[in-house]
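Visitor: Sequence unavailable; structure follows:
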């Protein structure tokens, strides 16, 4: 209740969610990493203007009320010491061979503290109040991600992997692991782990002309790192209500096994309920991974008949999925990523049972029918991380995956009373070059039925972002480019076996990007397969070609303490298909403008405003404008970790 009252007070002033941000200091780079790219030196090079803030401060000091409001709304930015960032990085080299004697864990609340300067404390009413209603992360929620323990020899790679895993947690904003140079005894060493919490309780509300939706998202329930989401919605016209609740327990007892449970019922009484238990290949050190997923779903989707007349059709199914994988280390070298490779073998069995299916009129090919699918895969995976900044998190340390994956997948599908063989392959590679970061992923696969290829697909995507470019002394920018294409061949004649450009496809089976890591997707990992954000149309095809461009600026603009970072994006797409497909063989595009707003003085998180123009959107009209249709994190990273065996995503 205290947290809710505090949030109401905050929203009364800003209308946005918050979490204090500051320029991060880079942790030491892992010993296996190739090179550290410019991050914090680039941060230092940029000089923010602070004149407006100083004027506000001077004016507020003229009255008691002004002083109170200033302390309530503003927090002093961190002062730069001029010290080189490299001097702050923990150095473990002098302690090589020493044994870890003790580990001290110090967690701090979100506001006013600093992981590098322990003398800093909250100095405003706002910071103190925010910390008072925040539940500090318990040491057990930090300790369970340790890859090292007391009595073990110092290993720089394990320490840096631990720091990376902690940065991935939604309740940790910053982390440092310091060696205690004052440790007595020449053969042992103490470590201190310092973390700074994120503000984890966020209210959500949406109000429009037809319904209201409100809820709470807590990412660090009672300080244990558990995630809770609860939402309630109500429609005005008929009084129908909806409910959505989920609970996630991450990394149970240091096993790195996550458990997620969800129950959702919408305003039309359709529901989705599932439970997931899983363990990923969270590190190159991981030997085994696997999981089990149980789902029951009742849903409605618009399906077309042969004349492309769409009708809302209800479906109901149960889906079970089980998989397991094991990684065998092939090469292990501290200096070269190419020699840090695992051979990964995976097995998977999934069972789909439809309880309600569309009529033959809307599904003549029995696309929506039960199936048993058995898959196995073998691949070589090399993966590491390079620390960078100003990609998606506006100055905080970001762990960019680099590496490669080459693998084959085969299996048997039992569907519609017949067996089909499946064979597919995947090749991925990504790393930093002098001219920026580039990664590429190529996949291809097909079913084989009586020596004939069926429902084949080829998917190719490239992710590129440039180095930081300086425009004068105070402007910076990055260029993002993401071309993608999906080519289907020998697809079914059914209209549901097609691809589109929609942000959320209408037709999703259980072999789409949503099910790669259901309910647990990292928004910075690129799961999508070519679309135009904000696009909503019945346009279909068998092949699509999409290229996205985004120019992200980091400006010196300072308006009342707010730093305003503009961006421009352009999406171009061509959707090709059979001659009788609805609006196929057409070119589509969008042009977007937006700003990311961040504030060093206010203790609120960055937020985004964007507008996009669509020259043509079949079914919706022409010359369409939409707001908040694009987000900067739409250009995600590709992951080189081994996944559960799967066919090529075709959507």
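Guide: That came through fine. As the structure is a computational prediction, the values presented were derived from the model and not from experiment.
Visitor: Point me to the helix or strand that includes residue 161.
Guide: Using DSSP states H and E, residue 161 sits within helix 156-168.
Visitor: next one: residue 325
Guide: Using DSSP H and E, residue 325 maps to strand 310-331.
Visitor: Buried ones in that strand, by neighbour count?
Guide: By neighbour count on 16 or more other CB atoms under 10 Å, the buried set for strand 310-331 is 310, 313, 315, 317, 319, 321, 323, 324, 325, 326, 327. Every C-beta, even on glycine, is put in place using the N, C-alpha and C of the backbone.
Visitor: ok so, going back, elements contacting the helix holding residue 161?
Guide: Applying 3 or more CB pairs under 8 Å, 6 or more residues apart in numbering; DSSP states H and E, one finds that helix 156-168 contacts strand 172-180, strand 398-415.
Visitor: related to what we said a few turns ago, nearest to residue 94 among the buried residues of strand 310-331?
Guide: Minimum distance to residue 94 across the buried residues of strand 310-331 is 32.4 Å, recorded for residue 327 (CB to CB).
Visitor: Residue 157 versus the closest one, what's the distance?
Guide: 16 Å (CB to CB, to the nearest Å).
Visitor: The nearest residue to residue 577 once chain neighbours are set aside: how many residues sit nearby?
Guide: Nearest non-adjacent residue to residue 577, counting by CB to CB, 6 or more residues apart in numbering: residue 541, 3.1 Å away. Applying other CB atoms under 10 Å, we find 23 residues neighbouring residue 541.
Visitor: and if you look at residue 228?
Guide: Neighbours of residue 228 using other CB under 10 Å come to 17.
Visitor: Each with direction, which strands does the host helix or strand of it pair with?
Guide: Assigned by DSSP H and E, residue 228 belongs to strand 226-235. Strand 226-235 pairs in its sheet with strand 211-221 (antiparallel), strand 241-249 (antiparallel), by DSSP bridges.
Visitor: Run through the stretch 251-400 of the chain and note the low-pLDDT ranges.
Guide: Scanning the stretch 251-400 of the chain for pLDDT under 70 picks out the ranges 332-339, 394-395.
Visitor: try 90 this time
Guide: Low-confidence segments of the stretch 251-400 of the chain (pLDDT under 90): 253, 282-285, 301-311, 329-341, 360-365, 383-399.
Visitor: just the strands in it please.
Guide: Listed in chain order, the strands of the stretch 251-400 of the chain (DSSP state E, counting those that start in this stretch) span 258-265, 271-279, 288-304, 310-331, 341-356, 371-388, 398-415.
Visitor: Include distance to residue 141 when you put these into CSV, please.
Guide: Formatted as CSV, these follow (distance: least, CB to CB, whole Å):
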stretch, distance to residue 141
strand 258-265, 14
strand 271-279, 18
strand 288-304, 22
strand 310-331, 27
strand 341-356, 28
strand 371-388, 22
strand 398-415, 19
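Visitor: Nearest to residue 198, out of those strands?
Guide: strand 398-415 (14.8 Å).
Visitor: quick one: the closest one to strand 341-356, angle?
Guide: When axes from the mean of the first three to the mean of the last three CA atoms, to 10 degrees is applied, the directions of strand 398-415 and strand 341-356 differ by 50 degrees.
Visitor: Quick check: buried residues in strand 398-415?
Guide: 398-405, 407, 409-411, 413, 415.
Visitor: try stretch 126-142
Guide: By neighbour count with 16+ other CB under 10 Å, stretch 126-142 contains the buried residues 126, 127, 129, 130, 131, 133, 134, 135, 137, 139, 141, 142.
Visitor: and of the residues you listed, the nearest to residue 98?
Guide: When the buried residues of stretch 126-142 are compared against residue 98 (criterion: CB to CB), the nearest one is residue 142, at 22.3 Å.
Visitor: show me what contacts the closest one?
Guide: 105, 107, 166, 172, 193, 195 (CB atoms under 8 Å, 6 or more residues apart in numbering).
Visitor: Try it again at 7 Å.
Guide: Contact analysis of residue 142 by CB atoms under 7 Å, 6 or more residues apart in numbering lists 105, 107, 166, 193, 195.
Visitor: which one among the residues you listed gets closest to residue 96?
Guide: Residue 96 lies nearest to residue 193 out of those, by CB to CB, at 19.5 Å.
Visitor: if I pick the closest one, what's in contact with it?
Guide: Residues in contact with residue 193 (CB under 7 Å, 6+ apart) are 103, 104, 105, 142, 177.
Visitor: List only buried entries from these.
Guide: Buried among the contacts of residue 193 (16+ other CB under 10 Å): 103, 105, 142, 177.
Visitor: hey, where'd the helices end up in this structure?
Guide: Ranges of helices within the chain are 2-13, 40-45, 51-60, 64-73, 125-132, 139-143, 156-168, based on DSSP state H.
Visitor: rank these by pLDDT, which is bottom?
Guide: Ranked by mean pLDDT, those end with helix 40-45 in last place, scoring a mean of 38.
Visitor: so the strand holding residue 325 versus strand 371-388, what angle?
Guide: Strand 310-331 runs at 60 degrees relative to strand 371-388, counting by the same axes, to 10 degrees.
Visitor: Okay, now the sheet partners of strand 310-331, with direction.
Guide: Strand 310-331 has these strand partners (DSSP bridges): strand 288-304 (antiparallel), strand 341-356 (antiparallel).
Visitor: so which of those comes closest to residue 460?
Guide: Per CB to CB, nearest to residue 460 of those: strand 341-356, 22.2 Å.
Visitor: Need the residues that contact the closest one.
Guide: If you take CB under 7 Å, 6+ apart as the criterion, strand 341-356 is touched by 284, 314-331, 368-382, 510, 642, 644-645.
Visitor: cool, stretch 430-446 as well?
Guide: Residues outside stretch 430-446 that contact it (CB under 7 Å, 6+ apart) are 35, 37, 386, 400, 402-403, 409, 422-429, 453-467, 638, 640, 647-648.
Visitor: chain center to that stretch: distance?
Guide: Centroid separation for stretch 430-446 versus its chain: 18 Å, with CA atoms, centre = their mean, to the nearest Å.
Visitor: Please apply the same query to stretch 540-553.
Guide: Stretch 540-553 sits 19 Å away from the centroid of its parent chain (CA atoms, centre = their mean).
Visitor: How about stretch 542-554?
Guide: On the basis of CA atoms, centre = their mean, stretch 542-554 sits 18 Å off its chain's mean C-alpha point.
Visitor: so for it, what's the average pLDDT?
Guide: 92.
Visitor: circling back to that earlier point, got the angle for the strand holding residue 228 vs strand 258-265?
Guide: Per the same axes, to 10 degrees, the angle that strand 226-235 makes with strand 258-265 is 10 degrees.
Visitor: Can you point out the buried residues in strand 226-235?
Guide: In terms of neighbour count (16+ other CB under 10 Å), strand 226-235 has its buried residues at 226, 227, 228, 229, 231, 233, 235.
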